[in-house]
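# quick one, what's the 3D model for this:
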Amino acid sequence: MSAADDKPQNPSDSNAVSDAVAESMAAALRSAGLGEMVEHVEVKPMGYSENVLERIIKQYSIEDRDEFLTFAHSKDADGNNYLKEEELQTAAQEWIAKIMMKQKQQEKENSVEYLLQLGEECSRKNDSKGALTAFNKAIALDPSCDMAWFNRGVLLEAEQDARGARQAFQICLDINPNNAPATANIATLLERIGDDAAAYQMAVRALNFFPGHPLLLDVKSRCAESGEQVPIESMPIQPPPQTYDEKQVTQVMEEVGVTDKKAILAEATHHDADENQNLEYQELKSAAQVVAATQEIQSVIEQAPAPVVEELPPVIEVPVEAPIDLDNLVEQATQMIRSGDAKAALELLSPHLKTIGAEHASAWRIAGGAMARLELDDHAISALEHSQSLDPNQGSGWFNLGSIYQRKGNNSQAISCYVKAMNVQSGYLKAAMKCSQLCNQTGDVENYLHSTRILLEIEPENQAKTEFIRILIELAEGEANVLESVQGLPPTLPEGPHLANEALSYLGEGETELHARAYTAAKNDVQAVTVWKSMIKVDGENAQIWRGLARSLESAGDLETAQKCHRKADELSGLTAPEIQPEKVVERAPLPVLLAATEPEEPAPVTPETDPQETQADYYMNALGLQNQPEVQEPQTPVIVSEDSSLNTSAELLSQPQNVEELTQEAAPVESSYDLTQAARQAQELASASIDTEVDSSSVSNQDVAWYNQGVGLIEDGKYREALSCFDRALPSFAGNDEMLIRILNGRGNAYYFLEDYPKCVESYHQAMLIRPAEVRGNTLYNMGSAYAEMERYPDAMKCFEQAIPRGLEPEEVKRAKEQIRRCGILLKEVERKNKRR
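Next up is the predicted model:
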């Protein structure tokens, strides 16, 4: 073609597009489903060669000339308002591609598989309207799709349309008799509408697909004796609650070719897509199409040839043996075992254990019991374990299994079985008794306590009560013989007071050695001393009572009187107290570090000169309210056991210069939370006849130092709560030893830090600092700053780190403290910034 073909030859050959034509093109785009292009295409007067256009339309078999021409306006690449041949070619190719893509999408959306997937997806999203629409479209496309009918039935049943659901399930089964879900659903539906005869038949069929299904078994059982029938024709057709136009109904019936108006209106109830309670033409038409598909598939089913029934040869009836009643056999075997014939019981059950009794828990349990009586322990264990796996709620099975394990020496498994027996059967006395005895023998403290508590709940005066009380008290005391003999206990028992109070609840009222020991372990020192005193009045020559009184006084903090009681006990028992040199103190406790930024530090031992200005009072014991009985009362620095006050006092202490040599602040001594003065004085009077000597520092025993060393070791092992208990045990013995008090209090601070109890951590460091403020080391201040930082008290933390630097830190430690100051400063600014935003 020549170049002249690309240029307009005359007005008739070149189309000058007017505004009216442009509007018609936009309308054509909208009708073609390409309306979105109207917003993006500016329709201008456009020229083109009529000959070229006709040739391209013929070449690509374009049917809608106007729609294509409108689309081609967007392909004027050079913007000269004239469509050249190559531009028309490009437009034609894209036009054909869009048409084909649209056709493929329509074909996909109109496929039964796509509609089934769409319906299931809508169902998962709880869009029942969308799901029903998709399944109805699938039925209209292919009335023989059984899954479309099944899903329609499920949705109609959910919408309380029993007639429609029954019809859908029945058509599904007519198309595919082996549709298992439809068989089960229609069985339950038929029972609900009262057609018991049909429900029974369907339940029998469904049990072939779902053997032993409890719901189907119930339907079968309930409907077996009933002959009630409710044909679908007798079920009423519900008129639609929506409004509709009679003329539109008539028009739809004529267009679709359905004459059953009631069926159309009943079906239309489920086609109100916009839920405006009015059935429009398209909704009525959609309902009519489903009715038409229903009538079509029913016609096909009715015209299908009836299956040919072949004449079968006569069946010779074979006498059927009566089913074996396994429950009856189990009962017989049980009676045999009770009468002592375990062998006969096992022979009765053995043939059936791997057949009809494979899943019969009682049969295996009784067989296991028979095997145990025949001393076939391994076989008995296997049988009982299988029985308990089938029915784990049988307490007797667990008890018997535990007894066999105990006989074989497998105590851990035996205890486990006894515990399970008690858990599944409350009030199981035999299991609780055997478990308590075995745990006591093996040292399983946790299960011993659990089982004995259950035993005493069932039988409060059982003979195990006295032993249980004794063990509770020994556990609470943390005595060495218990710690060494039992398994699973921590080195110390932080639950001691609780256990002691439990022992007291079992003991009741009284004044016995067990009462006094329990009161001491429960930290009720006043009552403990009172009980010991009453016992001394009755039996004043009993050394054991004097030693018990001494321990209670030690717990209360009256070390001087306690030592005299020890001497009295030694005199009564004919012993002389040898002079004991204090054990060397080991310092190994790691120190806490802020935010895991540095390695733990070890405080160096302090050996300061004795300051004559310092008081010899025990600050920490006064803070606890346990007062000694000094001959001369001197002013004491108070230790307030309040979180805020102790923390603030620590901050004030840090503001003092490093060379402070004495405390100038005076305060009243802290009052005791309970007064042991009277009780201690009475005990002293009882011992005064034979106790005249004074107690010096050499009276501190190796055991007291050992508690401190054990606490240090436990911190290294990561057992911080146990370490804390050891420090508490060591503390009362060093009332006059400032150096040891500082070490112990610092150890307590370290333990509290690792336990993340930062207020108590700061409090312990603070108490240590108050003893010798002038000799506070940088390591202690650094640790205290770390605790403050964990509590987000960054100003106090920074002050601690600053005060720590000139107090004996190594160069590397100084660098670390400065880094902590920098970090706390950053965190403080961030907190202040957040507070301003609020």
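# same for the longest helix belonging to the chain, what does it pack against?
Using DSSP state H to define each element, the chain has its longest helix at helix 811-837. Where contact means 3 or more Cβ pairs under 8 Å, 6 or more residues apart in numbering; DSSP states H and E, helix 811-837 is packed against helix 778-790, helix 794-804. (Each C-beta comes from the backbone N, C-alpha and C, glycine too.)
# save those helices as CSV, and put in distance to residue 515, mean neighbour count and mean pLDDT too.
As requested, these are arranged in CSV below (distance: least, Cβ to Cβ, whole Å; neighbours: other Cβ atoms under 10 Å; pLDDT from 0 to 100):
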stretch, distance to residue 515, mean neighbour count, mean pLDDT
helix 778-790, 41, 26, 90
helix 794-804, 47, 23, 92
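# Throw these into CSV and include distance to residue 538, thanks.
As requested, those are exported to CSV (distance: least, Cβ to Cβ, whole Å):
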stretch, distance to residue 538
helix 778-790, 50
helix 794-804, 56
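# of the ones you listed, which approaches residue 53 most closely?
When these are compared by Cβ to Cβ, helix 794-804 sits nearest residue 53, at 82.1 Å.
# for that closest one, packing partners?
Helix 794-804 packs on helix 643-654, helix 778-790, helix 811-837, going by 3+ Cβ pairs under 8 Å, 6+ apart.
# so which of the ones you listed is the most surrounded?
Of the helices and strands packed on helix 794-804, the one with the most neighbours on average (mean count of other Cβ atoms under 10 Å) is helix 778-790, at a mean of 26.
# list the helices and strands that helix packs on?
helix 643-654, helix 738-754, helix 758-771, helix 794-804, helix 811-837.
# between the helices and strands packed on helix 811-837, which gets nearest to residue 302?
Across the helices and strands packed on helix 811-837, closest to residue 302 is helix 778-790 (Cβ to Cβ), at 84.5 Å.
# which one of the helices and strands packed on helix 794-804 lies nearest to residue 57?
helix 811-837 (69.2 Å).
# low-confidence stretches in the stretch 101-250 of the chain?
Along the stretch 101-250 of the chain, segments meeting pLDDT under 70 span 106-110.
# then the chain?
1-45, 106-110, 304-322, 479-495, 575-703, 838.
# so the residue positioned nearest the centre of it, which state does it fall into?
Taking Cα atoms, centre = their mean, the centroid of the chain lies closest to residue 423, which sits 21.6 Å from it. Here residue 423 is recorded as helix under DSSP: H, G, I helix; E, B strand; the rest coil.
# quick one, what contacts residue 395?
Residue 395 makes contact with 421-422, 424-425, 428, 431, according to Cβ atoms under 8 Å, 6 or more residues apart in numbering.
# please report how far it lies from residue 388.
10 Å (Cβ to Cβ, to the nearest Å).
# cool, residue 408 as well?
For residue 408 relative to residue 388 (Cβ to Cβ), the value is 17 Å.
# repeat for residue 447
Relative to residue 388, and taking Cβ to Cβ, residue 447 is found at 19 Å.
# what of residue 763?
For residue 763 relative to residue 388 (Cβ to Cβ), the value is 53 Å.
# distance from the chain centre to the strand or helix carrying residue 433, please.
Per DSSP states H and E: residue 433 is located in helix 429-442. Here the centre of helix 429-442 is set off from its chain's centre by 32 Å, with Cα atoms, centre = their mean, to the nearest Å.
# packing partners of that helix?
helix 395-407, helix 411-424, helix 445-458, helix 464-477.
# number of nearby residues for residue 146?
18 (other Cβ atoms under 10 Å).
# contacting residues around residue 800?
654, 781-782, 784-785, 788.
# then residue 230?
Residue 230 neighbours (Cβ under 8 Å, 6+ apart): 190, 193-195, 198.
# out of the residues you listed, which one sits closest to residue 337?
residue 190 (48.6 Å).
# name the residues of stretch 287-304 that are buried.
287-295, 297 (16 or more other Cβ atoms under 10 Å).
# residue 544: what secondary structure?
Applying three-state DSSP: residue 544 is helix.
# from what I see, it and residue 513 are in contact.
Yes - using Cβ atoms under 8 Å, residue 544 is in contact with residue 513, at 7.3 Å.
# next, the angle helix 758-771 makes with the helix or strand hosting residue 726.
Applying DSSP H and E as the criterion places residue 726 in helix 720-730. Orientation of helix 720-730 against helix 758-771 (axes from the mean of the first three to the mean of the last three Cα atoms, to 10 degrees) gives an angle of 30 degrees.
# restricting to C-alpha, output helix 720-730 in PDB.
Extracted as PDB, the C-alpha positions of helix 720-730 are listed here (Å, rounded to 0.1, in the frame of the first residue of the first chain):
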ATOM      1  CA  TYR A 720      20.800 -18.100  94.900                       C
ATOM      2  CA  ARG A 721      17.700 -18.800  97.100                       C
ATOM      3  CA  GLU A 722      19.500 -21.600  98.900                       C
ATOM      4  CA  ALA A 723      22.600 -19.300  99.300                       C
ATOM      5  CA  LEU A 724      20.400 -16.600 100.800                       C
ATOM      6  CA  SER A 725      19.100 -19.100 103.400                       C
ATOM      7  CA  CYS A 726      22.700 -20.100 104.300                       C
ATOM      8  CA  PHE A 727      23.600 -16.400 104.900                       C
ATOM      9  CA  ASP A 728      20.600 -16.000 107.100                       C
ATOM     10  CA  ARG A 729      21.700 -19.100 109.100                       C
ATOM     11  CA  ALA A 730      25.200 -17.700 109.500                       C
END
